[in-house]
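> My questions are about this predicted structure, shown below with the sequence.
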Amino acid sequence: MKEKVVLAYSGGLDTSVMLKWLVNKGYNVIAFIADVGQDDDFNKINEKAIMSGASKVYVEDLKKEFVEKYIFEMFKTNAIYESKYLLGTAIARPIIAKKQVDIALKENTKILAHGCTGKGNDQVRFELTWMKFLPDVKIISPWKEDDWLSEFKGRKDLINYAKKEKIPIDVSLKKPYSTDENLLHISYESGILENTSFKPNENMFKLTKSPKNAPDKEIEIIIEFTRGIPSKIINKTENIEIKGSLNLFNYLNKVAGENGIGRIDIVENRFVGIKSRGVYETPAGTILYKAHQDLESITLDKDVIHLKEHFAPIIAKLIYNGFWFSPEMEMLMSAINKSQENVTGEVYLTLYKGNIIVNGRKSKYSLYNEDLSSMDIEGGYNQKDAAGFIKITGLKYKNLGAKNETMGTKLQVE
Ligand SMILES: Nc1ncnc2c1ncn2[C@@H]1O[C@H](COP(=O)(O)OP(=O)(O)O)[C@@H](O)[C@H]1O
Ligand SMILES: [Mg+2]
(Lines give C-alpha, C1' and ligand atoms only; values in the text may rest on other atoms or scores of the structure.)
(Ligands and ions follow the chains in the order given, each with its own letter.)
Protein backbone atom coordinates (compact mmCIF):
# COMPACT_ATOMS: atom_id res chain seq x y z
CA MET A 1 0.00 0.00 0.00
CA LYS A 2 1.33 3.37 -1.03
CA GLU A 3 1.25 6.17 1.53
CA LYS A 4 -1.28 8.87 0.79
CA VAL A 5 -0.36 12.54 0.67
CA VAL A 6 -2.74 15.44 0.24
CA LEU A 7 -1.08 18.18 -1.81
CA ALA A 8 -2.35 21.75 -1.83
CA TYR A 9 -2.47 22.06 -5.59
CA SER A 10 -2.77 25.43 -7.29
CA GLY A 11 -2.26 24.16 -10.83
CA GLY A 12 0.91 26.19 -11.30
CA LEU A 13 4.27 24.90 -12.46
CA ASP A 14 5.66 24.22 -8.97
CA THR A 15 2.80 22.14 -7.66
CA SER A 16 2.35 20.28 -10.97
CA VAL A 17 5.97 19.20 -10.94
CA MET A 18 5.73 18.48 -7.22
CA LEU A 19 2.72 16.27 -7.77
CA LYS A 20 4.54 14.11 -10.29
CA TRP A 21 7.71 14.15 -8.21
CA LEU A 22 5.80 12.80 -5.21
CA VAL A 23 4.23 10.10 -7.38
CA ASN A 24 7.69 9.18 -8.63
CA LYS A 25 8.83 8.95 -5.03
CA GLY A 26 6.17 6.32 -4.43
CA TYR A 27 3.32 8.32 -2.92
CA ASN A 28 -0.35 8.10 -3.71
CA VAL A 29 -1.04 11.80 -4.31
CA ILE A 30 -4.41 13.40 -3.73
CA ALA A 31 -4.65 16.90 -5.15
CA PHE A 32 -6.66 19.51 -3.30
CA ILE A 33 -7.71 22.68 -5.09
CA ALA A 34 -9.38 25.41 -3.09
CA ASP A 35 -11.75 27.75 -4.89
CA VAL A 36 -11.34 30.95 -2.90
CA GLY A 37 -12.62 33.09 -5.73
CA GLN A 38 -9.62 33.09 -8.05
CA ASP A 39 -10.42 33.42 -11.73
CA ASP A 40 -9.34 29.90 -12.74
CA ASP A 41 -10.74 27.15 -14.91
CA PHE A 42 -11.21 24.46 -12.28
CA ASN A 43 -12.06 21.73 -14.78
CA LYS A 44 -8.78 22.41 -16.50
CA ILE A 45 -6.79 22.36 -13.24
CA ASN A 46 -8.57 19.18 -12.21
CA GLU A 47 -7.59 17.59 -15.51
CA LYS A 48 -4.04 18.81 -15.15
CA ALA A 49 -3.78 17.25 -11.69
CA ILE A 50 -4.86 13.90 -13.11
CA MET A 51 -2.40 14.26 -16.00
CA SER A 52 0.32 15.01 -13.46
CA GLY A 53 -0.45 11.76 -11.68
CA ALA A 54 -3.02 12.51 -8.97
CA SER A 55 -5.09 9.49 -7.92
CA LYS A 56 -7.92 11.74 -6.83
CA VAL A 57 -8.77 15.44 -6.98
CA TYR A 58 -10.81 17.52 -4.61
CA VAL A 59 -12.05 20.90 -5.83
CA GLU A 60 -13.66 22.65 -2.89
CA ASP A 61 -15.76 25.79 -3.24
CA LEU A 62 -14.80 27.79 -0.15
CA LYS A 63 -16.02 31.20 -1.33
CA LYS A 64 -18.95 31.70 1.01
CA GLU A 65 -17.10 30.44 4.05
CA PHE A 66 -14.10 32.55 3.09
CA VAL A 67 -16.21 35.71 3.00
CA GLU A 68 -18.21 35.01 6.14
CA LYS A 69 -15.75 33.36 8.50
CA TYR A 70 -12.51 34.95 7.42
CA ILE A 71 -12.86 38.19 5.42
CA PHE A 72 -15.78 39.70 7.34
CA GLU A 73 -14.33 38.60 10.68
CA MET A 74 -11.04 40.24 9.82
CA PHE A 75 -12.67 43.50 8.75
CA LYS A 76 -14.28 43.81 12.17
CA THR A 77 -10.77 44.36 13.51
CA ASN A 78 -9.62 47.08 11.06
CA ALA A 79 -6.42 45.06 10.69
CA ILE A 80 -4.02 46.49 8.12
CA TYR A 81 -0.43 45.29 8.00
CA GLU A 82 2.20 48.01 8.19
CA SER A 83 -0.64 50.54 7.71
CA LYS A 84 -1.03 49.52 4.05
CA TYR A 85 -1.67 45.89 3.29
CA LEU A 86 -5.21 44.52 3.68
CA LEU A 87 -3.92 40.95 4.12
CA GLY A 88 -5.53 39.45 1.03
CA THR A 89 -3.21 36.47 0.77
CA ALA A 90 -2.58 36.10 4.49
CA ILE A 91 -6.25 35.58 5.30
CA ALA A 92 -6.78 33.02 2.51
CA ARG A 93 -4.08 30.59 3.61
CA PRO A 94 -5.70 29.50 6.89
CA ILE A 95 -8.95 28.44 5.22
CA ILE A 96 -7.07 26.51 2.48
CA ALA A 97 -4.84 24.80 5.04
CA LYS A 98 -7.76 23.94 7.33
CA LYS A 99 -9.77 22.36 4.50
CA GLN A 100 -6.70 20.39 3.52
CA VAL A 101 -6.70 18.86 7.00
CA ASP A 102 -10.40 17.96 6.64
CA ILE A 103 -9.55 16.09 3.45
CA ALA A 104 -6.59 14.34 5.07
CA LEU A 105 -8.88 13.15 7.88
CA LYS A 106 -11.41 11.91 5.34
CA GLU A 107 -8.68 10.13 3.41
CA ASN A 108 -7.17 8.77 6.59
CA THR A 109 -3.70 10.19 6.14
CA LYS A 110 -1.49 12.54 8.11
CA ILE A 111 0.84 13.50 5.29
CA LEU A 112 0.34 16.99 3.87
CA ALA A 113 2.29 18.88 1.23
CA HIS A 114 2.39 22.42 -0.15
CA GLY A 115 4.48 24.22 -2.74
CA CYS A 116 5.35 27.36 -0.78
CA THR A 117 8.93 28.58 -0.92
CA GLY A 118 11.16 28.58 2.12
CA LYS A 119 11.62 32.35 1.87
CA GLY A 120 8.05 33.48 2.34
CA ASN A 121 5.15 33.82 4.75
CA ASP A 122 2.86 31.23 3.21
CA GLN A 123 4.82 28.21 4.42
CA VAL A 124 4.25 29.39 7.99
CA ARG A 125 0.55 30.07 7.44
CA PHE A 126 0.04 26.55 6.06
CA GLU A 127 2.14 24.63 8.51
CA LEU A 128 0.91 26.32 11.70
CA THR A 129 -2.68 25.67 10.67
CA TRP A 130 -1.90 22.03 9.92
CA MET A 131 -0.22 21.64 13.31
CA LYS A 132 -3.22 23.06 15.10
CA PHE A 133 -5.80 20.81 13.43
CA LEU A 134 -3.60 17.73 12.86
CA PRO A 135 -1.00 17.74 15.62
CA ASP A 136 0.88 14.67 14.35
CA VAL A 137 0.97 15.91 10.76
CA LYS A 138 3.87 14.80 8.59
CA ILE A 139 4.86 17.81 6.51
CA ILE A 140 6.27 17.64 3.03
CA SER A 141 7.53 21.04 2.00
CA PRO A 142 9.78 20.32 -0.98
CA TRP A 143 11.34 23.78 -1.21
CA LYS A 144 12.84 23.13 2.23
CA GLU A 145 14.05 19.61 1.49
CA ASP A 146 17.41 18.38 0.21
CA ASP A 147 16.19 15.79 -2.27
CA TRP A 148 14.03 18.38 -4.04
CA LEU A 149 16.57 21.20 -3.85
CA SER A 150 19.32 19.03 -5.30
CA GLU A 151 17.10 18.30 -8.30
CA PHE A 152 15.50 21.71 -8.79
CA LYS A 153 17.60 24.83 -8.63
CA GLY A 154 15.08 27.05 -10.34
CA ARG A 155 12.44 27.47 -12.97
CA LYS A 156 14.46 25.95 -15.79
CA ASP A 157 14.79 22.62 -13.97
CA LEU A 158 11.06 22.63 -13.27
CA ILE A 159 10.23 23.26 -16.91
CA ASN A 160 12.62 20.51 -18.05
CA TYR A 161 11.07 18.06 -15.60
CA ALA A 162 7.59 19.02 -16.78
CA LYS A 163 8.61 18.42 -20.39
CA LYS A 164 10.20 15.08 -19.54
CA GLU A 165 7.14 13.95 -17.62
CA LYS A 166 4.68 15.37 -20.15
CA ILE A 167 3.07 17.76 -17.69
CA PRO A 168 1.29 20.52 -19.62
CA ILE A 169 2.89 23.93 -19.11
CA ASP A 170 0.62 26.91 -18.91
CA VAL A 171 0.95 29.82 -21.31
CA SER A 172 0.44 32.12 -18.33
CA LEU A 173 3.94 31.06 -17.27
CA LYS A 174 5.16 33.69 -19.67
CA LYS A 175 4.02 36.39 -17.28
CA PRO A 176 7.06 38.23 -15.96
CA TYR A 177 5.70 38.32 -12.38
CA SER A 178 3.67 35.98 -10.20
CA THR A 179 0.15 36.48 -8.97
CA ASP A 180 -2.08 35.17 -6.22
CA GLU A 181 -5.77 35.78 -6.52
CA ASN A 182 -8.82 35.29 -4.35
CA LEU A 183 -12.09 37.07 -3.55
CA LEU A 184 -10.36 39.72 -1.50
CA HIS A 185 -7.49 40.62 -3.76
CA ILE A 186 -4.94 39.86 -6.42
CA SER A 187 -1.26 40.25 -5.69
CA TYR A 188 1.59 40.76 -8.11
CA GLU A 189 5.16 40.15 -7.07
CA SER A 190 8.59 38.86 -8.04
CA GLY A 191 10.05 38.87 -11.54
CA ILE A 192 10.16 42.35 -13.03
CA LEU A 193 8.54 43.77 -9.90
CA GLU A 194 11.59 42.90 -7.79
CA ASN A 195 13.07 46.18 -8.98
CA THR A 196 11.31 48.48 -6.52
CA SER A 197 11.44 51.47 -8.87
CA PHE A 198 9.90 49.64 -11.82
CA LYS A 199 6.43 50.95 -12.69
CA PRO A 200 4.13 48.14 -13.78
CA ASN A 201 2.27 48.47 -17.05
CA GLU A 202 -1.39 49.35 -16.97
CA ASN A 203 -2.23 46.01 -18.61
CA MET A 204 -0.99 44.09 -15.56
CA PHE A 205 -4.01 45.17 -13.51
CA LYS A 206 -6.98 42.88 -13.54
CA LEU A 207 -9.57 43.79 -10.92
CA THR A 208 -9.53 47.57 -11.14
CA LYS A 209 -9.67 50.20 -13.83
CA SER A 210 -7.08 52.88 -13.72
CA PRO A 211 -8.72 55.94 -12.09
CA LYS A 212 -7.92 57.74 -15.34
CA ASN A 213 -10.12 55.32 -17.28
CA ALA A 214 -12.89 55.10 -14.69
CA PRO A 215 -16.19 56.79 -15.57
CA ASP A 216 -16.31 60.53 -15.06
CA LYS A 217 -19.38 60.06 -12.91
CA GLU A 218 -19.93 59.84 -9.17
CA ILE A 219 -21.46 56.65 -7.82
CA GLU A 220 -23.25 57.02 -4.50
CA ILE A 221 -23.53 53.93 -2.37
CA ILE A 222 -24.80 53.03 1.08
CA ILE A 223 -23.21 50.22 3.03
CA GLU A 224 -25.28 48.80 5.82
CA PHE A 225 -23.56 46.94 8.65
CA THR A 226 -25.09 44.64 11.25
CA ARG A 227 -22.89 44.06 14.28
CA GLY A 228 -19.79 44.96 12.33
CA ILE A 229 -20.62 42.85 9.31
CA PRO A 230 -21.74 44.29 5.97
CA SER A 231 -25.34 43.23 5.42
CA LYS A 232 -26.56 45.34 2.52
CA ILE A 233 -25.25 47.54 -0.29
CA ILE A 234 -27.38 50.09 -2.03
CA ASN A 235 -26.15 51.76 -5.19
CA LYS A 236 -28.25 54.91 -5.07
CA THR A 237 -27.04 56.19 -8.40
CA GLU A 238 -28.05 53.07 -10.28
CA ASN A 239 -30.86 51.93 -8.01
CA ILE A 240 -29.39 48.54 -7.16
CA GLU A 241 -29.73 46.75 -3.84
CA ILE A 242 -27.61 43.74 -2.92
CA LYS A 243 -27.86 41.40 0.06
CA GLY A 244 -26.22 38.14 1.04
CA SER A 245 -22.57 37.87 2.06
CA LEU A 246 -21.04 36.56 -1.15
CA ASN A 247 -23.32 38.49 -3.52
CA LEU A 248 -22.67 41.66 -1.66
CA PHE A 249 -18.93 41.19 -1.61
CA ASN A 250 -18.81 40.32 -5.31
CA TYR A 251 -20.89 43.36 -6.14
CA LEU A 252 -18.70 45.64 -4.06
CA ASN A 253 -15.64 44.29 -5.86
CA LYS A 254 -17.27 45.07 -9.17
CA VAL A 255 -18.38 48.60 -8.41
CA ALA A 256 -15.08 49.42 -6.69
CA GLY A 257 -13.05 48.01 -9.57
CA GLU A 258 -15.03 49.94 -12.15
CA ASN A 259 -14.33 53.13 -10.26
CA GLY A 260 -10.61 52.57 -9.98
CA ILE A 261 -10.50 51.77 -6.26
CA GLY A 262 -8.08 49.50 -4.43
CA ARG A 263 -4.62 49.61 -5.99
CA ILE A 264 -1.49 49.83 -3.90
CA ASP A 265 2.21 49.40 -4.57
CA ILE A 266 4.22 48.70 -1.43
CA VAL A 267 7.33 47.19 0.07
CA GLU A 268 6.40 45.06 3.06
CA ASN A 269 8.42 43.18 5.65
CA ARG A 270 7.99 39.42 5.57
CA PHE A 271 7.94 37.31 8.74
CA VAL A 272 11.40 35.95 7.93
CA GLY A 273 12.82 39.46 7.73
CA ILE A 274 13.04 39.83 3.97
CA LYS A 275 11.59 42.93 2.34
CA SER A 276 9.18 42.25 -0.46
CA ARG A 277 7.73 44.49 -3.14
CA GLY A 278 4.09 43.79 -3.84
CA VAL A 279 1.41 45.38 -5.96
CA TYR A 280 -2.15 44.64 -4.88
CA GLU A 281 -5.68 45.22 -6.03
CA THR A 282 -8.18 45.00 -3.18
CA PRO A 283 -11.33 46.70 -4.51
CA ALA A 284 -14.12 45.72 -2.11
CA GLY A 285 -11.76 45.47 0.85
CA THR A 286 -10.53 49.03 0.46
CA ILE A 287 -14.09 50.34 0.68
CA LEU A 288 -15.11 48.05 3.53
CA TYR A 289 -12.11 49.01 5.61
CA LYS A 290 -12.97 52.69 5.35
CA ALA A 291 -16.72 52.29 5.78
CA HIS A 292 -16.48 50.00 8.79
CA GLN A 293 -14.03 52.23 10.57
CA ASP A 294 -16.28 55.18 9.90
CA LEU A 295 -19.35 53.53 11.40
CA GLU A 296 -17.34 52.75 14.51
CA SER A 297 -16.74 56.47 14.97
CA ILE A 298 -20.36 56.95 16.06
CA THR A 299 -21.17 53.53 17.53
CA LEU A 300 -18.13 52.94 19.75
CA ASP A 301 -17.05 54.65 22.92
CA LYS A 302 -13.96 56.84 22.70
CA ASP A 303 -11.71 54.55 24.74
CA VAL A 304 -12.98 51.43 23.00
CA ILE A 305 -11.98 53.03 19.69
CA HIS A 306 -8.57 53.87 21.06
CA LEU A 307 -8.06 50.33 22.38
CA LYS A 308 -9.14 48.91 19.03
CA GLU A 309 -6.60 51.17 17.37
CA HIS A 310 -3.94 49.52 19.50
CA PHE A 311 -5.21 46.05 18.69
CA ALA A 312 -5.44 46.54 14.93
CA PRO A 313 -1.71 46.44 14.12
CA ILE A 314 -1.21 43.59 16.59
CA ILE A 315 -3.97 41.60 14.92
CA ALA A 316 -2.63 42.45 11.47
CA LYS A 317 0.77 41.11 12.46
CA LEU A 318 -0.75 37.92 13.84
CA ILE A 319 -2.69 37.32 10.62
CA TYR A 320 0.27 38.24 8.43
CA ASN A 321 2.59 35.88 10.28
CA GLY A 322 0.19 32.93 10.14
CA PHE A 323 -1.27 33.03 13.66
CA TRP A 324 -4.95 33.24 12.64
CA PHE A 325 -5.81 30.13 14.67
CA SER A 326 -3.69 31.06 17.69
CA PRO A 327 -5.00 31.41 21.27
CA GLU A 328 -3.91 35.06 21.33
CA MET A 329 -5.98 35.70 18.20
CA GLU A 330 -8.95 33.99 19.83
CA MET A 331 -8.57 36.17 22.90
CA LEU A 332 -8.42 39.36 20.87
CA MET A 333 -11.34 38.30 18.67
CA SER A 334 -13.55 37.81 21.70
CA ALA A 335 -12.90 41.43 22.64
CA ILE A 336 -13.43 42.54 19.04
CA ASN A 337 -16.74 40.66 18.86
CA LYS A 338 -17.88 42.34 22.06
CA SER A 339 -17.00 45.72 20.56
CA GLN A 340 -19.11 45.05 17.46
CA GLU A 341 -22.41 44.52 19.28
CA ASN A 342 -23.62 48.00 18.37
CA VAL A 343 -21.77 48.50 15.09
CA THR A 344 -25.02 48.50 13.21
CA GLY A 345 -26.01 51.25 10.81
CA GLU A 346 -25.27 52.86 7.48
CA VAL A 347 -22.37 54.63 5.88
CA TYR A 348 -22.89 56.92 2.87
CA LEU A 349 -20.13 56.99 0.28
CA THR A 350 -19.29 58.45 -3.09
CA LEU A 351 -16.99 56.48 -5.38
CA TYR A 352 -15.22 58.55 -7.96
CA LYS A 353 -12.07 57.84 -10.00
CA GLY A 354 -10.15 55.95 -7.35
CA ASN A 355 -11.55 57.94 -4.44
CA ILE A 356 -13.81 56.83 -1.64
CA ILE A 357 -15.50 59.91 -0.25
CA VAL A 358 -17.42 59.55 3.00
CA ASN A 359 -20.59 61.65 3.03
CA GLY A 360 -22.07 60.66 6.36
CA ARG A 361 -23.16 57.85 8.61
CA LYS A 362 -26.17 56.89 10.73
CA SER A 363 -26.93 54.36 13.46
CA LYS A 364 -29.71 53.75 15.93
CA TYR A 365 -26.90 53.04 18.41
CA SER A 366 -25.09 56.26 17.68
CA LEU A 367 -23.34 57.74 20.71
CA TYR A 368 -23.15 61.08 18.98
CA ASN A 369 -25.14 63.60 20.99
CA GLU A 370 -26.05 66.62 18.91
CA ASP A 371 -26.82 68.79 21.92
CA LEU A 372 -23.58 67.84 23.65
CA SER A 373 -21.44 68.28 20.55
CA SER A 374 -23.09 71.54 19.53
CA MET A 375 -21.36 74.87 19.90
CA ASP A 376 -24.76 76.55 20.26
CA ILE A 377 -26.51 74.40 22.84
CA GLU A 378 -25.39 73.80 26.41
CA GLY A 379 -26.60 70.17 26.42
CA GLY A 380 -26.02 69.57 30.13
CA TYR A 381 -22.40 70.56 29.84
CA ASN A 382 -21.33 73.40 32.10
CA GLN A 383 -18.45 75.12 30.35
CA LYS A 384 -17.29 76.57 33.65
CA ASP A 385 -16.40 72.99 34.76
CA ALA A 386 -13.66 72.96 32.14
CA ALA A 387 -11.76 75.60 34.10
CA GLY A 388 -11.02 73.23 37.01
CA PHE A 389 -10.26 70.39 34.65
CA ILE A 390 -7.65 72.44 32.82
CA LYS A 391 -6.24 73.85 36.04
CA ILE A 392 -5.51 70.34 37.34
CA THR A 393 -4.22 69.14 33.98
CA GLY A 394 -2.03 72.22 33.80
CA LEU A 395 -0.43 71.77 37.22
CA LYS A 396 2.66 70.10 35.83
CA TYR A 397 3.07 72.74 33.15
CA LYS A 398 3.08 75.46 35.77
CA ASN A 399 5.59 73.49 37.79
CA LEU A 400 7.85 72.85 34.79
CA GLY A 401 7.58 76.42 33.64
CA ALA A 402 8.53 77.73 37.06
CA LYS A 403 11.51 75.36 37.33
CA ASN A 404 12.78 76.35 33.93
CA GLU A 405 12.57 79.95 34.98
CA THR A 406 14.57 79.49 38.20
CA MET A 407 17.09 77.01 36.77
CA GLY A 408 17.83 79.23 33.80
CA THR A 409 17.02 76.57 31.27
CA LYS A 410 14.50 78.71 29.49
CA LEU A 411 17.08 80.13 27.15
CA GLN A 412 18.33 76.68 26.23
CA VAL A 413 14.84 75.56 25.41
CA GLU A 414 14.46 78.48 23.12
N1 LIG B 1 -6.22 27.69 -4.49
C2 LIG B 1 -5.34 26.86 -3.94
N3 LIG B 1 -5.70 25.58 -3.67
C4 LIG B 1 -4.81 24.73 -3.09
N5 LIG B 1 -3.57 25.08 -2.76
C6 LIG B 1 -3.17 26.31 -3.01
C7 LIG B 1 -4.02 27.28 -3.61
N8 LIG B 1 -3.34 28.43 -3.76
C9 LIG B 1 -2.12 28.20 -3.25
N10 LIG B 1 -2.01 26.92 -2.80
C11 LIG B 1 -0.82 26.34 -2.14
O12 LIG B 1 -0.03 27.38 -1.63
C13 LIG B 1 1.25 27.36 -2.25
C14 LIG B 1 1.79 28.75 -2.42
O15 LIG B 1 0.96 29.45 -3.31
P16 LIG B 1 1.60 30.46 -4.35
O17 LIG B 1 2.58 31.31 -3.62
O18 LIG B 1 0.47 31.13 -5.05
O19 LIG B 1 2.46 29.52 -5.30
P20 LIG B 1 2.07 28.71 -6.61
O21 LIG B 1 2.78 29.41 -7.69
O22 LIG B 1 2.57 27.33 -6.36
O23 LIG B 1 0.57 28.77 -6.75
C24 LIG B 1 1.04 26.58 -3.52
O25 LIG B 1 2.25 26.02 -3.97
C26 LIG B 1 0.02 25.55 -3.11
O27 LIG B 1 0.62 24.48 -2.41
MG1 LIG C 1 -0.75 30.55 -6.70
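Yep, it's here. Ligands and ions are numbered 1, 2, ... in the order given.

> residue boundaries of the strands in the chain?
4-8, 28-35, 56-61, 111-113, 138-140, 178-181, 186-189, 219-226, 229-235, 240-243, 263-269, 275-281, 345-352, 355-362 (DSSP state E).

> Return the residues in contact with the closest residue to ligand 2 within the stretch 151-300 of the chain.
Proximity of the stretch 151-300 of the chain to ligand 2 (Cβ to the ion) peaks at Asp180, 4.8 Å away. In this view, the C-beta of every residue, glycine as well, is placed from N, C-alpha and C. By Cβ atoms under 8 Å, 6 or more residues apart in numbering, the residues touching Asp180 are 38, 88-89, 92, 186-187.

> Check Glu341 too.
Arg227.

> From ligand 1, how far out is it?
Computed as Cβ to the nearest ligand atom, to the nearest Å, the Glu341 to ligand 1 distance reads 34 Å.

> what's the neighbour count on Lys254?
Here the number of neighbours of Lys254 (other Cβ atoms under 10 Å) works out to 14.

> How about it, nearest residue that isn't a chain neighbour?
Pro283 (7.9 Å; Cβ to Cβ, 6 or more residues apart in numbering).

> isn't the one you found right up against Leu252?
Yes - between Pro283 and Leu252 there is a contact at 7.2 Å, judged by Cβ atoms under 8 Å.

> re the thing from before, looking at the contacts of Asp180, state which has the most neighbours.
Going by other Cβ under 10 Å, Ala92 tops these with 26 neighbours.

> would a markdown table of the strands of the chain with mean pLDDT be doable?
Below are those laid out as a markdown table (pLDDT from 0 to 100):
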| stretch | mean pLDDT |
| --- | --- |
| strand 4-8 | 98 |
| strand 28-35 | 98 |
| strand 56-61 | 98 |
| strand 111-113 | 98 |
| strand 138-140 | 98 |
| strand 178-181 | 96 |
| strand 186-189 | 98 |
| strand 219-226 | 98 |
| strand 229-235 | 98 |
| strand 240-243 | 98 |
| strand 263-269 | 98 |
| strand 275-281 | 98 |
| strand 345-352 | 98 |
| strand 355-362 | 98 |
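
> Could I get those strands in a markdown table, plus columns for distance to Asn337?
Converted to a markdown table, these look like this (distance: least, Cβ to Cβ, whole Å):
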| stretch | distance to Asn337 |
| --- | --- |
| strand 4-8 | 30 |
| strand 28-35 | 26 |
| strand 56-61 | 27 |
| strand 111-113 | 30 |
| strand 138-140 | 32 |
| strand 178-181 | 29 |
| strand 186-189 | 29 |
| strand 219-226 | 13 |
| strand 229-235 | 11 |
| strand 240-243 | 22 |
| strand 263-269 | 28 |
| strand 275-281 | 27 |
| strand 345-352 | 17 |
| strand 355-362 | 21 |
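
> In this protein, what residue lies closest to ligand 2?
Counting by Cβ to the ion, the chain gets nearest to ligand 2 through Ser10 (4.1 Å).

> how far away is that residue from ligand 1?
From Ser10 to ligand 1 the distance is 3 Å (Cβ to the nearest ligand atom).

> Also Lys254?
Distance of Lys254 to ligand 1, computed by Cβ to the nearest ligand atom: 21 Å.

> Same check on Tyr81?
From Tyr81 to ligand 1 the distance is 17 Å (Cβ to the nearest ligand atom).

> Repeat that for Val6.
Separation of Val6 from ligand 1 (Cβ to the nearest ligand atom): 10 Å.

> correct me, but that residue touches Lys106?
No - Val6 lies out of contact with Lys106 (Cβ under 8 Å); the separation is 9.3 Å.

> who are the neighbours in contact with Lys76?
Applying Cβ under 8 Å, 6+ apart, one finds that Lys76 lies in contact with 228-229, 292, 336-337, 339-340, 343.

> just checking: which of those also lie near ligand 2?
With Cβ under 5 Å from the ion as the criterion, the contacts of Lys76 include none near ligand 2.

> Let's see which of the residues you listed end up in helices.
Those of the contacts of Lys76 mapping onto helices are 292, 336-337, 339, per DSSP state H.

> Quick check: the two most widely separated of these?
Distance extremes for these: the farthest pair is His292 and Asn337 at 14.0 Å, using Cβ to Cβ.

> The two - which one has more neighbours?
Set His292 next to Asn337 and count neighbours by other Cβ under 10 Å: His292 wins out with 22 against 14.

> hmm, back to that, which of Val6 and Lys106 has more neighbours?
Taking other Cβ under 10 Å, Val6 and Lys106 do not tie; Val6 has more neighbours (27 against 11).

> and that one, what is it in contact with?
Contacts of Val6 by Cβ under 8 Å, 6+ apart are 30, 32, 100, 103-104, 107, 109, 111-113.

> and with 7 Å instead?
30, 32, 100, 103-104, 107, 109, 112 (Cβ atoms under 7 Å, 6 or more residues apart in numbering).

> And Gly262, how close does it get to ligand 1?
Per Cβ to the nearest ligand atom, Gly262 is found 20 Å from ligand 1.

> Please disregard the earlier target; I meant Ser326.
Plainly put, Ser326 is 20 Å away from ligand 1 if you go by Cβ to the nearest ligand atom.

> Give me the pLDDT value at that residue.
pLDDT, Ser326: 98.

> To what extent is it buried, counted in neighbours?
By other Cβ under 10 Å, 15 other residues sit near Ser326.

> Just confirm it contacts Lys317, I think it does.
No - at 11.3 Å, Ser326 does not count as touching Lys317 under the criterion of Cβ atoms under 7 Å.

> contacting residues around the residue nearest to Ala8 when sequence neighbours are not counted?
Residue nearest to Ala8 in three dimensions, not counting chain neighbours: His114, with 4.4 Å by Cβ to Cβ, 6+ apart. The contact partners of His114, by Cβ under 7 Å, 6+ apart, come to 8, 126, 141.

> let's see 8 Å
7-8, 97, 122-123, 126-127, 141 are the contacts of His114 under Cβ under 8 Å, 6+ apart.

> Ok, Thr89 next?
121-122, 180, 182, 185, 187.

> between the residues you listed, which is nearest Phe271?
Asn121 (5.0 Å).

> Distance of that closest one relative to Tyr280?
Distance check for Asn121 against Tyr280: by Cβ to Cβ, to the nearest Å, it reads 14 Å.
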